[in-house]
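S.K.: Sequence first, then the predicted structure, then my questions.
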Amino acid sequence: MRIQPPPYRLESLLAAVVFAAAAAAPTFAAGKAANIAPVPGEWWESTVQMSMAGMEGMHMPPMTTKFCRPKNAAWNDPPPMDKKSDCKVTDQKATPNHLSWKMACTNPQMTGSGEMTTSGPDGFSGTIAMTMAQGAMNMKMSGRRVGGDCDAEAPRRQVVEMLEKGEAAKVQMCKEEAGKLDFEIFSSAGSPCTDPADKADLCRRLGTMEGYKTVAGNLAVDCSAEKGPSERMVQAAAFCGTTVEALRNPLCEEALKNESLEFLGSCCPVQAQPLAQKECAGRKYTDLAGTKYGDFCGRFAADQLATKPPEAPQPAADQNEAPAKKKKNIFKGLFGK
């Protein structure tokens, strides 16, 4: 019958026990994988058997681990612990063929002691006793030299390589999200994307016409005088420390200069006005269809007529009314009137 292990970092503890017994555990310190030189080693095998006090006859299945131990390594090294662990080793005592120590952990709380005895150059045996809130736990361990050459630093190098690949993947992912103007991932709590350069790149892209279009989605809706900018556009501008109006103004000037007619007709009524007067006034829609300014004139004139419907014609009282009347009739030619 199997018993359920107590709720703590069991795998970390067992790994520490196994490697402590062999005095061969690598320390996974930060560094460059390419700078970790090989260390000649030989293969060993260790087995740990766990049991809980008060549950005689019920044991967890043995855990057997194969590991590479440095050749000629000392047997009196302290049990190595994961740097993230809060377990500490104390009262370590060592003789040529015997090692003992005590252990204390704070989260969760537990205390323990262990000892290990070597049987010549080819094996070891030992025990560990732990006491915690759930009860007492005992471990028996044994190990033997399997033989065969290996690199004792390979586990550490593999871990560092994995961390390096993970970091490289994270950096690449954040750069890609900045390119997509996905500002939400940068502003979310606990975001992995914290490089200021990525935020700067995103905000630079937002300040371009293409970037503005990407966030806005539909320019005609986002720039509508009736609906105003979308909430997402407002949030994107705020993320970059600016406003939608401040983003639009230079883009409208650029759109006028380059005759980017979609942006100009949708988002820049002030800048579009003189171009509309020049290219659209007095011309029929059928004449403009299929031309460079066809869509622009149709969109801009429709917007103007929707917001400022022309008044009914009235006789001119004097010369002062003529310019106003003339302005009202600018876009009538678009509809063949």
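M.R.: Here it is on my side, so go on. Numbers count the residues shown, from 1 in each chain.

S.K.: drop to CA atoms for contacts and neighbour counts, all remaining ones
M.R.: Noted.

S.K.: Tell me the helix or strand right after the longest helix out of those in the chain.
M.R.: Identified as the longest helix of the chain according to DSSP state H is helix 154-179. The helix or strand immediately downstream of helix 154-179 is helix 183-187, counting by DSSP states H and E.

S.K.: mind saving the C-alpha coords of that next one as CSV?
M.R.: Written as CSV, here are the backbone C-alpha positions of helix 183-187 (Å, rounded to 0.1, in the frame of the first residue of the first chain):
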residue,chain,number,x,y,z
PHE,A,183,0.7,46.9,-24.7
GLU,A,184,-1.5,44.8,-22.4
ILE,A,185,1.2,42.2,-21.8
PHE,A,186,3.6,45.0,-20.7
SER,A,187,1.1,46.6,-18.4
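
S.K.: Summarise which helices and strands it is packed against.
M.R.: Judged by 3 or more CA pairs under 8 Å, 6 or more residues apart in numbering; DSSP states H and E, helix 183-187 is in contact with helix 231-239.

S.K.: buried sites along the helix it packs on?
M.R.: By neighbour count on 16 or more other CA atoms under 10 Å, the buried set for helix 231-239 is 233-237, 239.

S.K.: again, but for stretch 203-218
M.R.: For stretch 203-218, the neighbour count (16+ other CA under 10 Å) marks 203, 205-209, 211-212, 214-216 as buried.

S.K.: Among the buried residues of helix 231-239, which one sits closest to residue 275?
M.R.: When those are ranked by distance to residue 275 (CA to CA), residue 233 comes first, at 27.0 Å.

S.K.: just checking, that closest one touches residue 216?
M.R.: Yes: between residue 233 and residue 216 there is a contact under CA atoms under 8 Å: 5.9 Å.

S.K.: closest to residue 137 among the buried residues of helix 231-239?
M.R.: Taking CA to CA as the measure, residue 137 lies nearest residue 239 of the buried residues of helix 231-239, at 53.1 Å.

S.K.: Next, the distance between the ends of stretch 144-160.
M.R.: 28 Å (CA to CA, to the nearest Å).

S.K.: in the stretch 1-150 of the chain, which ranges drop under the pLDDT threshold?
M.R.: Filtered on pLDDT under 70, the stretch 1-150 of the chain yields the residue ranges 1-31, 54-59, 75-85.

S.K.: can you give me the strands for it?
M.R.: With DSSP state E, counting those that start in this stretch, the ranges of strands along the stretch 1-150 of the chain come out as 40-52, 63-70, 88-95, 98-106, 109-118, 123-132, 135-151.

S.K.: Could I get the buried residue list for the longest helix of the chain?
M.R.: Of the residues in helix 154-179, 154-157, 160-161, 163-164, 171, 174-175, 177-179 count as buried by neighbour count, 16+ other CA under 10 Å.

S.K.: What helices and strands are in contact with the helix or strand containing residue 203?
M.R.: Element membership of residue 203, judged by DSSP H and E, is helix 196-206. For helix 196-206, the packing partners by 3+ CA pairs under 8 Å, 6+ apart come out as helix 154-179, helix 209-216.

S.K.: angle of it against helix 231-239?
M.R.: 130 degrees (axes from the mean of the first three to the mean of the last three CA atoms, to 10 degrees).

S.K.: Run the chain-centre distance for helix 196-206.
M.R.: Helix 196-206 sits 16 Å away from the centroid of its parent chain (CA atoms, centre = their mean, to the nearest Å).

S.K.: Quick check: phi and psi at the residue minimising distance to the centre of the chain.
M.R.: What sits nearest the mean C-alpha location of the chain, by CA atoms, centre = their mean, is residue 192, with 3.4 Å. Note on residue 192: backbone dihedrals following degrees, to the nearest 10 are phi -80, psi -10.

S.K.: Chain neighbours aside, what residue packs nearest to it?
M.R.: Residue nearest to residue 192 in three dimensions, not counting chain neighbours: residue 170, with 7.3 Å by CA to CA, 6 or more residues apart in numbering.

S.K.: Pipe the buried residues of helix 231-239 into CSV and attach distance to residue 279 and pLDDT per row.
M.R.: Shown next, in CSV, are these (distance: CA to CA, whole Å; pLDDT from 0 to 100):
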residue, distance to residue 279, pLDDT
233, 31, 92
234, 33, 93
235, 36, 92
236, 34, 93
237, 33, 94
239, 38, 93
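
S.K.: And the furthest pair within these?
M.R.: Most distant of the buried residues of helix 231-239, by CA to CA, are 233 and 239, 9.8 Å apart.

S.K.: Residue 89: neighbour count?
M.R.: The local packing of residue 89 (other CA atoms under 10 Å) involves 17 other residues.

S.K.: Likewise for residue 183?
M.R.: Residue 183: 22 surrounding residues under other CA under 10 Å.

S.K.: residues touching residue 211, list them.
M.R.: The neighbours of residue 211, taking CA atoms under 8 Å, 6 or more residues apart in numbering as the test, are 181, 205.

S.K.: Could you check how far it is from residue 229?
M.R.: 15 Å.
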